[in-house]
Each structure stands twice: as C-alpha cells, then as structure tokens.
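Q: fold the following.
(one chain, ligands or ions: 1)
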Amino acid sequence: MNSTRQLSQLTVNLSYLKQNILELRKLQPGKELLFMVKADAYGHGLLPIVQFSFEEAGVRSFGVACVKEALTIRKELPELECDIYVFSEVALDIKSNKELYLNYRIFPVISSHTDLDTFLNTYGDQFKFFPLCLKFNTGMNRLGFSCDEVALVAEKIVSRGRSEIFHLMSHFANSSLSLNKNKRNGIQRDRFENIKRKFGELNISFKHSSLANSGALEQGFKSDDDFIRPGLMLYGPSSLSLKHRDLGIWKAKNISKLETTVIKVFPVNKGDPLSYGSTPCPESGQVIILPLGYGDGINSSYQKAKINFGKFEGHVCARVCMDMITILVSKDIEIKEGERLAIWSYKGNSLNDLSIQTKTIPYELVIQLTSRVPRVYMTGEIDLNNENSSS
Ligand SMILES: Cc1ncc(COP(=O)(O)O)c(C=O)c1O
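A: Sure thing, here's the model as predicted:
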C-alpha cells in the first residue's frame, strides 16, 4: 500500500472499516450487507474500499448511483464475485447501458414504469433470467413505484412468465430522526410490510428485501428483511440529526483522517488585515497557514469554523482561498512550520463536530475533497491519543 507522505493527505485506515463492519454485524446479526459505495465510496476511494470490504470483511453486495461507478468496479476488480446494484441513474432505455447491465452482471434497481417496461419487454427475452430488483416509494417521494401500484407491477411481472422479485426495496426519508417517535418512519415501515404482504398474496415471491439505511441501523432497527443498506455509518460519522444523536446505539471510528502541514506561522494583532478582502483579524494571537483550500474541497463553508486539532483549537479567521486557509490560534500555542495537523481524525465525533462548525452534514465533508488530496491507505491500530504527532 502507498505510504508516501505529502503536505496534505486523507489517510484511510481500512482496519477501522473492518471493525465498523464487524460491529454492525454484531448489532444486526444474520443480516447481509449491501454496502453503499457511491460517490467514490463517500469520498474515500471506490476501489480500495470495495476490494478491502470484499476480501477482508466478507461484504458481497455493493450499491452505487450510476452504471459508470458499477463498471469501474467490474473492470478494475474483475475477480470480485460481488453483486452491484445501480440505484438512481438507471436509464435502461439507453441501449449501451442495457449491454453493460447484461454483460457485466450489474443490477439496475428499477423504480419507474419506463424502466420496468424496458426490462420486461423492450429487449425481448434478454433480461428473462436476469435478477429483477424493484424499489417502492413508501414516503421518500423521490424515486420508486407508489404503494398502490403493487397489483399493476405484479401483473406486468406475471405477464412475462415471472414470479420472483430478486430484491425488493424501499428507502427511509426520516431515519435521521427518531424511528419510534417520528410518525413518518412508522408509516414507511408499515407501508413496506404491506407491499411485501400484497406481493405474497399475488403469488410473487421476493428473494431479498431491504429498507434500513444508517439512521435506522444506528437506532437498532429491527425487521424481517434479510438485507441492510448502510452507507455513512460504516465510514464513521453518524447520520442522525444533532437533536437525535443520543438515540444512536452505534459507536464507530472514523475511517479517515485529513492531515496537513503548517506552511507558515506569524504573530498577529487584533485588526491586522488578512488574506483576500483584508479581513481584520478578530483577536491578537498567531496565524497559521495551511495548504488546503477550496481547490481541495475545503470550501467557504469553513469560514469562521472552529477546528479542533487535538492539542489545541483554532478558527478560520479569513477568507478561504483556492489553495490555503488562514487559522487563528492563541499566542501561547507552540507551533512550528512543518508541523502536521489533523483537520479531522479517527476519533469518534471529529467529523460530526466539524460538520456542525461548517454548517453542513458529515456526508459532505469527505465527499467534497477533490482529487488533489491524495488518499493513502493503511491497516493497523493507531494510538488515538497521539494522533496529531507527525511520527
Ligand atoms: C437507496 C439507498 N439506500 C441506502 C443508502 C445509504 O444511506 P446512508 O448513507 O444514510 O446509510 C442510500 C444513500 O443515500 C440510498 O440512496
């Protein structure tokens, strides 16, 4: 594995990913994981995450958003005998997509009549023995067949001589809120159970089913579904809303740490002009310049954010530039050029806390890092109390 050190890098500790997967298996015994790895595995790097979780943690199913992501896995990791589901950009009517689904055994998750009709009819018998995956809208109101279309969907399936759905799905819209108290969550759960029952009454079986995403799983969601579909929680942060975090029974490690290097330190007085627009420095202290800016995905949402560097705290005190940020720290801090600092670390709430400071959601923080920030992979335990050391 690559161990090069650059001024800034995202280090991904794959051992922590494995620990998180094992923890989830303990929390949800017997469930199969359909691990969501869309958007470059939520910014952590698609191929290393898929390969590791397949080879070292026994994950056999992965979820992506579009055919291109699925194809990258199939082409770059041809030896992995895993299932890959495409969730949103399905576009079965595009002939070249159809070829890819069939030739690379990629499962389109069908959630519209256009795609269902194309799957069943347009290409003759080409999909006759291909797994049929269906998604119903139980309240998300984004994609999916509506709950009162079960009979119509069943009729279409039967008319082609089929009697089995391979994977039946729905998706929670509010699992970041209380599963038990929020009425919409209860309604979605009941609607999904009804859909399953109705298919049964119409003699259509389903081999697999899934509903739960991170928010539900973090709250210990229980169902008869044989699959769960975690995303964010396996990368570490919580998907529960701030007010509902105490409902979570899930404790994970962040699998990534964003490190950078101090490239300049200088003393400042209150009112000194800093960076573009000459923002007056709010307090006297020291300014440190870090080589990360919006060209790296550290965008203007970081403006005014407090950053906990472990041994001390600083705050972004001037405009974020393309390649640098300006941080104000106390004059008592001992800090030198060349010192390594972590913007976030493996420790519990690090990314969640930063998302509060940047007024965003933890999903965005890693995903928005651009390709200029190298992803470096490692395995093994780390001394979490000494994370900011440059050793
Ligand atoms: C259909 C589907 N299932 C599961 C997930 C996983 O969600 P989360 O990352 O919140 O666990 C997503 C993510 O958006 C999704 O679109």
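
Q: what's next to stretch 178-188, contact-wise?
A: 138-140, 170, 172-175, 177, 211, 215-216, 219, 221, 244, 247 (CB atoms under 8 Å, 6 or more residues apart in numbering). C-betas here are computed from N, CA, C, even on glycine.

Q: which among those residues gets closest to the ligand?
A: Gly215 (6.0 Å; CB to the nearest ligand atom).

Q: quick check: closest non-adjacent residue to the closest one.
A: Ser175 (2.9 Å; CB to CB, 6 or more residues apart in numbering).

Q: residues contacting the one you found?
A: 185, 212-216, 219, 221, 239.

Q: let me know the secondary structure of it.
A: At Ser175 the chain is in coil, as set by DSSP: H, G, I helix; E, B strand; the rest coil.

Q: report pLDDT for it.
A: Confidence at Ser175, expressed as pLDDT, is 96.

Q: check the one 5 residues further on too.
A: Among the per-residue scores, Asn180 holds a pLDDT of 93.

Q: with Ser391 instead?
A: 31.

Q: what segments of the stretch 101-250 of the chain are strands?
A: 107-110, 133-137, 145-146, 164-169, 205-210, 227-228 (DSSP state E, counting those that start in this stretch).

Q: mind checking those for the one nearest to Ile94?
A: strand 107-110 (11.1 Å; CB to CB).

Q: helices or strands up against the closest one?
A: strand 83-89, strand 133-137, strand 164-169 (3 or more CB pairs under 8 Å, 6 or more residues apart in numbering; DSSP states H and E).

Q: and the residue nearest to Pro108 when sequence neighbours are not counted, how many neighbours?
A: Distance criterion CB to CB, 6+ apart; nearest residue to Pro108, sequence neighbours excluded, is Val90 at 4.5 Å. Using other CB atoms under 10 Å, Val90 is surrounded by 27 other residues.

Q: what sits against Val90?
A: Val90 sits in contact with 67, 97, 108-112, 115, where contact means CB under 8 Å, 6+ apart.

Q: narrow those to just the buried residues.
A: Among those, those classed as buried by neighbour count (16 or more other CB atoms under 10 Å) are 67, 97, 108-111, 115.

Q: among those, which one lies nearest to Ile165?
A: Once CB to CB is applied, the member of the buried ones among the contacts of Val90 that ends up nearest Ile165 is Ile110, at 9.7 Å.

Q: any idea how far the residue lying farthest from the centre of the chain is from Ile289?
A: Relative to the centre of the chain, the most outlying C-alpha is that of Asn269, 41.6 Å out, by CA atoms, centre = their mean. To Ile289, Asn269 is 17 Å away according to CB to CB, to the nearest Å.

Q: for the residue nearest to Lys31 when sequence neighbours are not counted, name its beta-bridge partners.
A: The shortest distance from Lys31 to any non-neighbouring residue, by CB to CB, 6+ apart, is to Ile228 (4.8 Å). Listed beta-bridge partners, Ile228: Leu33 (assigned using DSSP bridges).

Q: these two touch, right, Ile228 and Leu34?
A: Yes: assessed by CB atoms under 8 Å, Ile228 is found in contact with Leu34 at 7.1 Å.

Q: tell me, what's touching the two both at once?
A: Common neighbours of Ile228 and Leu34 (CB under 8 Å, 6+ apart) are Ser210.

Q: tally up the residues packed near Ile187, please.
A: 13.

Q: and Lys38, by the same measure?
A: 20.

Q: skip the chain neighbours and tell me the closest residue to it.
A: Closest to Lys38 by CB to CB, 6+ apart is Ala65, at 4.2 Å.

Q: for this structure, which helix is longest?
A: Secondary structure of the chain per DSSP state H: the longest helix is helix 183-201.

Q: in that helix, what counts as buried?
A: 185, 188-189, 191-193, 195-196, 198-199.

Q: how about that helix and the ligand, touching?
A: No: contact between helix 183-201 and the ligand is absent, the nearest approach being 12.9 Å (criterion: CB under 6 Å from any ligand atom).
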